[in-house]
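Chemist: this one's structure only:
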């Protein structure tokens, strides 16, 4: 244990720290460039977002320092308690939340507002790590798998109740972690099939899809007819899968689109697919919002224009005409990537994506070198959350995914987001500093 | 469980990397391969602001402004930046409007340019309004005073010559010369404003500004490096003398007619009047809509530039020309005399001469001084019948050539638009009129400036220049220099000396002597000036007009042409006063006063009564209104007829078309049915 004797700072993983610092720096630059005006008297104006973000960065560093000086065992012992507190906060939010831009997911304490859903990602990560690493857990059993899924998805359900579907979606990232820890391979196959089925449901006409699926089932049945004759399970499976597909495409999706999802969400999904929303999903009393035209269409188009106009080398720092002049809505939070894409072009975007992927791969590398299962699982949690945010956020700005209001980690303007990602990463750094210690 | 070979951690890493790869691929298409987003970005985010430079001013020969840009102030408002706490009462008091008007105006601004953008609240604040508002501006957040320029005429002179500007019409925009204009631009519509449009207009600048999602312009795009600066329009300096112009317009008040005075040495126009005139300020800016039709309908036709567009028979002022031709072709010598006894009978009908005493046409000089009709009709006949041409038809062609060289029957090329051509007959004209059977008797009136000849006053004045200069002229023009440059390419056509004939100076000297005698002891003694040799010729032109369908003989036009001094002439002038009477009485007096004013800078006290007489005379014929309404009624009837014809043609065409269509359909269905 010679490493343990060294100063705690020298035991922190330098590449991770550097990548983290790089992302925060890029974020500050991007936020600055979006709000910069030639007429600004000084760049140090506290009313400007980049100065607020800088303040939040200071707070994040302070909290990070506290984490570094905390005993690494504290996190595992604190895990379930924090998770319980997190769930409690989420429940409170449902009743006492403040409405911000149509979502009910914020808690206000005095003038400070924060999103429990954002912070709860940390607690859920800790709880899942604790659960999966405990010696009593045998993740090969269905019971324990279900408990794992429940830990991951309970906050998601509570967040959906707060009408913040985007954030809830992030909790699905824990499947990636559980997959690493032994969830069967079929889960990935089922996952991708489900995505394909969903897309097919949205893109293909209901009755045509019925025909295609039934036809597919008959062809498969014909090809494996001998198997079917011999094996009851095969018959059950085939009919079961067909039945599920029918249920999903004919009943579940239309039902959830009509009654579960908000109109704007349905609209966004269709916008991303380049389709017009079928009139069947128009909601009563919501028709007047149609007058302004398709809002999410506008957002994505403006975002694409901003990024697309960047070209290979970009327009240069502070020359982004689209982002600077407020064409892209939410441009320093959800659409901050536009600022990078417009000003620094394909080259800059590629570097940024490279930094993200490096950070995620580094986190996976850190996870894999841990002695204790807790730290490993936690490492995967951090990497997966980062990945989901990164993948969904950038995809939506370039029109690959529907517009879901989730932030680009460490770049987007906003205290909650920056602080929670900093905490996630600093805890991992702290755990990694003690990687040779067993943490239970 | 943790070992490096775990395939699942590799799978997870692959998921990360493949997601990044998909994104990069998408970005590559979005940013590198497609340029539609770049174009869209420029379209929406860059505001192309056209900056209009100030239009050039027009100055007289002494640098006094005749037409310049006046600064006017508009009160602008950005409705959504007006606070609820605005002291509306104070603003209303300051502007002198009531609250209802205030609401109306602010709503209008909101409707016209939206709540976010600046719109006009009050156009063209009065001087008091603008002074009071600017003093209190800090009380009115959301409001702002913006200045702009309108064309204004400091003194009400030379309206038709200066012209005015107006918005380009859709029809004009289709023409090539207006390619650089857009809807809403202003352009010179008439006069110098029109002919020197290129120069006065300057060059518009284009500034590129970034704009935001509310279309509000913000910072200069790329630091203004792509901007084109605007270039101010150049000033025009004229030969026109404002004092002389004012004097001429005053002399011509309450008369119909025109004055053209040219400096023969340069072709520069010293003054040009078309009477009646009007105050050009009536047609500037927003005033035009109110006044144009009134001027257009006026029976005296103030919008017609009589100096360049109206044509008159020159009458006796043609006689120097007739003499010049006769002398030059060798038909007569200066000592040629004609025994006139008060009439010319050689062609069977009598042509009256005002003089009947013996010897009033004893030689050319005396005949010209007395303006003997018989003499000039006779020498005209001698000239066109001259043996060396071999026949009257060839003679008339030669005569036509002489006159054409002197600028008759064609546009002089003066630098204001819509010039008239006048009328100059040649053999073909008479062949058409008389089916080929005519001789010099048929057309002898032309020799004394009546009959089938008509000149514009500018042609008369220009002919005077040629005679004064003994055979050359410069195209008459207003502009002496463009932006201090007298050699501007636009002025090139006016710097060229036109030598019209090779008539020897001795011939001109004979004419000059005769014309000087006209003043010294002939018909135009009123035009005599102390110490200055004035050469002149009066004209009294018989004319008829259609009144109630009948050709009525009207009071004669009073016409006068002159130049002075005889040696080194400085001014050549032509004056026409319609239906006024004897040439010397009205046109002669006016021309003489103007020449005196120009050559000596003042008018002798002894001539003040004459001046008064001119000022006070009202010579607008009482028939003017009858003639005008008759003319307009005939025009209206013709238009009506044309429209009816067109309507008939249209309905016939339509009937024919539908018949054809019916036949076609019938055939088509028949074929179809047969095929089945």
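Modeler: Structure's in. What do you need? On a predicted model such as this, the values are computed, not experimentally measured, just so you know.
Chemist: the helix of greatest length in chain A close to chain B?
Modeler: Identified as the longest helix of chain A according to DSSP state H is helix A:336-368. Yes. Counting by CB under 8 Å from any CB of the partner chain, chain B is contacted by helix A:336-368 at A:341-342, A:345-346, A:349-350, A:353-354, A:356-357, A:360-361, A:364, A:368. Every C-beta, even on glycine, is put in place using the N, C-alpha and C of the backbone.
Chemist: got a ChimeraX select line for the buried ones in the residues you listed?
Modeler: Per 16 or more other CB atoms under 10 Å in any protein chain shown, the buried members of the residues of helix A:336-368 next to chain B correspond to this ChimeraX selection:
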select /A:341,342,345,346,349,350,353,356,357,360,361,364,368
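Chemist: which of the residues of helix A:336-368 next to chain B lies closest to residue A:304?
Modeler: Compare each of those with residue A:304 using CB to CB and the shortest gap goes to residue A:341, at 9.4 Å.
Chemist: just to revisit the earlier point, now the two most distant members of the residues of helix A:336-368 next to chain B.
Modeler: A:342 and A:368 (37.2 Å).
Chemist: now the strands: where do they sit in the stretch 201-350 of chain B?
Modeler: B:205-211, B:217-220, B:236-238, B:257-263, B:268-275, B:343-344 (DSSP state E, counting those that start in this stretch).
Chemist: what's the pLDDT at residue 289?
Modeler: Defaulting to chain A. Note for residue A:289: predicted pLDDT of 42.
Chemist: sorry, should have said chain B
Modeler: So residue B:289 comes in at 82 (pLDDT).
Chemist: around it, how many other residues sit close by?
Modeler: For residue B:289, the count of nearby residues is 9 (other CB atoms under 10 Å in any protein chain shown).
Chemist: residues touching it, list them.
Modeler: Residues near residue B:289 by CB atoms under 8 Å, 6 or more residues apart in numbering or on different chains: none.
Chemist: next: the one 3 residues further on.
Modeler: Contacts were defined as CB under 8 Å, 6+ apart; by that measure residue B:292 touches residue B:283.
Chemist: distance check, it against chain A.
Modeler: Distance, residue B:292 to chain A, by CB to the nearest CB, to the nearest Å: 44 Å.
Chemist: got the domain ranges for the chain?
Modeler: No chain was given, so I picked chain A. A:7-188+A:263-277+A:293-433, A:204-261 (automatic domain parsing).
Chemist: actually, chain B is the one I wanted.
Modeler: Taken from automatic domain parsing, chain B resolves into B:242-579+B:586-621, B:631-676.
Chemist: quick one, strands of chain A?
Modeler: A:98-100, A:103-109, A:112-114 (DSSP state E).
Chemist: these: which one's closest to residue B:514?
Modeler: Nearest to residue B:514 among these is strand A:98-100 (103.1 Å), distances taken as CB to CB.
Chemist: now that closest one: mean pLDDT?
Modeler: pLDDT averaged over strand A:98-100 gives 75.
Chemist: ok, it: who's next to it in the sheet?
Modeler: Sheet pairing of strand A:98-100 (DSSP bridges) gives strand A:103-109 (antiparallel).
Chemist: got any ranges where chain A has weak pLDDT?
Modeler: Across chain A, the ranges flagged by pLDDT under 70 are A:1-5, A:38-39, A:101-102, A:110-111, A:271-297, A:323-327, A:439-440.
Chemist: in it, what residue is nearest chain B?
Modeler: At 2.5 Å from chain B, residue A:308 is the closest residue in chain A, using CB to the nearest CB.
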